[in-house]
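J.: okay, here's the prediction I keep looking at, along with the sequence it came from:
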Amino acid sequence: MSIQDRNTVFYNIYPLSDTTTSLDELRLQCLEFLSPHLDIIWNAECFTLTPVPHPSHPHLKGQVWFDSSLEDEWYVVWLLRKLTAQFPGIVSKVWDDDGEFMLIEASDAVPPWLIPEISDNRVFLYQGKVAIVPQPTTPAHMGLFPMTGVTLDQALRCIPHINLEEESARIDKLVCERLSDFPQRSLHKSRVHLPVTLVHALSQNPGLISSIISMYLYADRQEIASVVKHKRLQWVDTCDTNITLTRCQYAQLYSQRISSTPSWPSKPAGHVDHLARQLGLKVTLGAELALSVADGETGTDAEFIRYRKKLEGMGYFRGDMEGSATYKEQLRKAELFYKSSQEHDTSGNVWMSNNRALSHLVDSSAAVDLDQYRGADVSESDPDGWMDVMPVDIQRWFLRGREHDKSTSTGSTTKNKGPSNHPDKVDEISTRNMDVINSRLQSFVEQVSSHEGAEVPGDLNLNPDDFFSALQGLKEQVDRAREKEDESGSEDTSSIESDLRAESEEEMREYMRELEGQLGKTTMTESFEKGKDGELDIDFNLVSNILNSFSADSGLDGPASSVLASLGVRLPRNEDNF
C-alpha cells in the first residue's frame, strides 16, 4: 500500500456473465441510477467510476479519499448496495487501507474460520447484501467452494451459488445497522461572512466548499501568509451568507484557531458575529489558496499538500526542521516524484478541476448583479452542541453495546442488583467481586499466547456490571479513608507543607546553580535573563519564552498555544504578526 492510499476507500464492480453491454454503457447506467444520491457535499473526493478493460475480468473501478470522514466511506458502501440490488448481474468488492473494513464492523458475527489470511476475495456485495464466499461444509461443496485461498475468478464463479441467508446474513445485518441513517447525511448549515464574489461562486456550485476547506486545512502558515499578501478576492466587499458542509468539515474548521488580519472585518470575542467572521476568514483563505493553484502558483497544489503531509506523518523528513537545507532537499525530491506521477495520471485531477471552476466563477462575477447577495436573508447557524460528547452519551453507547452483547452471548445472564448502601456491605461486595476479577485476570495472564493472540481460558467471563460495581465500591472505600486522614491530620498539614515547600525551593536553587555552572563555558547562559541578585529569574524567562513561541505561531496552533490551552489560558492574538 502506498502512502497515497491512506484514508481511501476502493471499489470494483464486476459483471458476472458475458454481456453485450460494454463497460462504458454499464458505467453510464450505474451513474444514471445513482445520480440522485451523488449530488451531495463530499468531505474530500466524490464517487466516480472508470472502465478497466481487463482481459480476464473487465470491470469498473473507483476510489474516494474520505480523509477524516468515515461517513463518506460508509456512504460509498450504501451506494454500492443500492447498485447491486438494482442490477442483479453485477457484484461489487469494496475495501480500504485497513482491508475488509466491513468484516471489522461486523466482527461479532464473523465466523472463526474467516481469518485475515484467507479473507482475500471472499467478501463482496451481491444483490444488495453482503456475500461471503464460504468454506465447503458438505462433500457436495468440495468442488464448488475453495477451502483456503480464493482467486478472483473462483470467487466470481462461486457468488451466484452462495446462500445469502446463511453465514452471510449475520454479517449483513450488522452492516445494515451501520448504514441505517443513510441516505440522510450529517450536514451542518452555518452562517459565515465572505467576500461577495465568493458568495456568488458557492451559490453556483456549493460542492466547491469541500476543496476550499481542504486547501485551508492542509496549508501551513507560510502559504497562508503568502495568499494574504496577494489576494484575488475583494475583502472589503463582504456580506453574510449560509453555507452547508458536513459535520466533519465544520468540526475541523471550527477547531482551527487563527488570528484576524487588519484587512479582514473581524469582531471581538463574545460578539454575536464573532464566529461568523472567524469561519468566514478561514473559508476565504482556503478560497485564496485554491485560486492561487488555479493561477499556476507552485507549492499550494492541494494534492501535493496532502501528499506532503502524509510524507511527514511517515517520517520521510527524518525529523529535520522545516526550512533547513536537508528538509528542502527531501522536499525537492518529493516534488520531482509527485510531478512525474502526475504526468502519467490520465484519470484527471478533481482538485485542479474544482480550483479552475472556482476561478472561473469568481472571474465571471464581474458580469453578475452582486446586490442580490448583499441584501439576501440569512438564517442563523444550526446548533453545534453535537460536538460536545457528554458523560451521559458515553454511558448510553456503553449500555447499547452491553445490550448487544447480552443478546448474542451465551454466557452468564445474572444481572447486578447494585451494591447496598450500607458501608460494610459495600466493602464486602467490592472485596468479593474484586477477588473474583483478580483471579480471572490472573488466569488469563498465565495462558499461552502466540502471534495469533492469547488463548482465553474457558471460565473467563468478566461481567462488566460486577467490574464497575467493584470499582465503585473501592472508590467509596478510598474516599472514606481520605476523609479520616483529613480529619486526623488537618492540624499538622500546614507545618508539613511549609517544610516541604522550603526544601523544594532550596533543592531547585541548588539544581539551577549546578546547571548554570555546567553551562558556564557555553553561550547558552547569555540568552537567559537574571535577577538583581545575579541568579536566574526562572519565572521571567519562562513567560518570555512562552510569549515568543506563542507569537511565532502566527495565529495557528503550536506548542505554546497547546500548552496554554491545556492550562485554561487564552492569550489575545498579536494582530501585527499575522
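T.: Received the coordinates, thanks. Numbers count the residues shown, from 1 in each chain.

J.: rounded mean pLDDT for stretch 362-374, please.
T.: What stretch 362-374 shows for mean pLDDT is 87.

J.: contacts for that stretch, please.
T.: Stretch 362-374 is touched from outside by 196-201, 203, 232-233, 237, 239, 241, 291, with contacts defined as C-beta atoms under 8 Å, 6 or more residues apart in numbering. Bear in mind the C-beta positions are built from the backbone N, C-alpha and C, glycine included.

J.: what of stretch 127-140?
T.: Against stretch 127-140 from outside (C-beta under 8 Å, 6+ apart): 81-82, 84-85, 88, 91, 102, 106, 113-114, 121-125, 141-142, 144-147, 150, 154-155, 158-159, 162, 164, 166-168, 171-172, 175.

J.: related to what we said a few turns ago, in helices, which of the contacts of stretch 362-374 appear?
T.: Residues of the contacts of stretch 362-374 located in helices (DSSP state H): Val196, Thr197, Leu198, Val199, His200, Ala201, Ser203, Leu291.

J.: for those residues, which one is nearest Ile258?
T.: Leu198 (17.1 Å; C-beta to C-beta).

J.: so the closest one sits right up against Leu233, yeah?
T.: Yes - in terms of C-beta atoms under 8 Å, Leu198 counts as a neighbour of Leu233; the distance is 5.8 Å.

J.: who has more neighbours, those two?
T.: Leu198 (32 against 21; other C-beta atoms under 10 Å).

J.: name the helix or strand for the spatially closest residue to the more buried one that is not a sequence neighbour, please.
T.: The shortest distance from Leu198 to any residue other than its chain neighbours is 5.3 Å, reached at Ala287 (C-beta to C-beta, 6 or more residues apart in numbering). Using DSSP states H and E, Ala287 sits within helix 274-294.

J.: picking that back up, report the buried members of the contacts of stretch 127-140.
T.: 81-82, 84, 91, 102, 106, 114, 121-125, 145-146, 150, 154-155, 158-159, 162, 164, 167-168, 171-172, 175 (16 or more other C-beta atoms under 10 Å).

J.: and Val64, what does it touch?
T.: Val64 sits in contact with Thr8, Val9, Trp42, Ala44, Glu45, Cys46, Phe47, Thr48, Asp72, Glu73, Val76, where contact means C-beta under 8 Å, 6+ apart.

J.: ok, 10 Å please
T.: 7-11, 42-48, 72-73, 75-76, 79, 96 (C-beta atoms under 10 Å, 6 or more residues apart in numbering).

J.: Pro88 against Pro15, yeah?
T.: No - checked against C-beta atoms under 10 Å, the pair Pro88 and Pro15 is beyond contact range at 11.1 Å.

J.: state whether Lys93 is indeed within a strand.
T.: Yes - per DSSP: H, G, I helix; E, B strand; the rest coil, Lys93 lies within a strand segment.

J.: quick one: name whatever helix or strand follows the host helix or strand of Glu483.
T.: Glu483 is part of helix 464-518 when elements are defined by DSSP H and E. Following helix 464-518 in sequence order, the next helix or strand is helix 538-552 (DSSP H and E).

J.: can you give the distance from the helix or strand following that following helix to the centre of its chain?
T.: For helix 538-552, the following helix or strand on the C-terminal side (DSSP H and E) is helix 559-566. Computed by C-alpha atoms, centre = their mean, to the nearest Å, the chain-centroid distance of helix 559-566 equals 21 Å.

J.: give me the buried positions along helix 559-566.
T.: Buried, per 16+ other C-beta under 10 Å, within helix 559-566: Ala560, Ser561, Leu564.

J.: what is the orientation angle of it with helix 538-552?
T.: Put simply, helix 559-566 runs at 110 degrees to helix 538-552, going by axes from the mean of the first three to the mean of the last three C-alpha atoms, to 10 degrees.

J.: average model confidence for helix 559-566?
T.: pLDDT averaged over helix 559-566 gives 70.

J.: show me what that helix packs onto, helices and strands only.
T.: Under the contact definition 3 or more C-beta pairs under 10 Å, 6 or more residues apart in numbering; DSSP states H and E, helix 559-566 sits against helix 538-552.
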